[in-house]
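# I would like to see how this sequence folds:
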Amino acid sequence: MADGEIKATLVRKLEAALAPVELEVIDESAGHQGHAGARPGGETHFRVEIVSQAFAGLSRIERQRLVYRILAEELAGPVHALSVGAHLPQ
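Numbers count the residues shown, from 1 in each chain. I've put the predicted structure just below:
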C-alpha cells in the first residue's frame, strides 16, 4: 500500500458513516516500533478522535464499538491497534 493509504481509508470510511463535525486520525506507529504488529513503514497503530451527532444516545463504549464495526475490515488486516475517542458535539 502507498504511504498514507490506510489512514486515508480510515478517514473516508468514518466520514461516510458518521458525518463527523471533527475528525482526526493520527498514525502513532512510530511509537510502537519493535512491538507486536508493527511493520516497517508504519500505518499499524492509530488514534481516532471523532465528534459526531451520530453518537447521540450511545454510551462511550457503544460509540467505540460503532467505530470498530465501521473499521472492522482494517482491524482484521493492516491495522494492529486502534484507540478511539468518540464524542458528541458540545
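
# For beta bridges, what are the partners of the spatially most central residue of the chain?
With distances taken as C-alpha atoms, centre = their mean, the chain has Val48 as the residue nearest its mean C-alpha position (4.4 Å). When assigned by DSSP bridges, Val48 has beta-bridge partners Val25, Val84.

# give me every residue that touches it.
Applying C-beta atoms under 8 Å, 6 or more residues apart in numbering to Val48 gives the contacts 10, 14, 23-26, 67, 82-86. Glycine gets a C-beta too; all of them are placed from N, C-alpha and C.

# Apply 10 Å and report the result again.
Counting by C-beta atoms under 10 Å, 6 or more residues apart in numbering, Val48 makes contact with 10-11, 14, 20, 23-26, 64, 67-68, 71, 82-86.

# Over to Glu24?
Shown in contact with Glu24 (C-beta under 10 Å, 6+ apart): 11, 47-51, 85.
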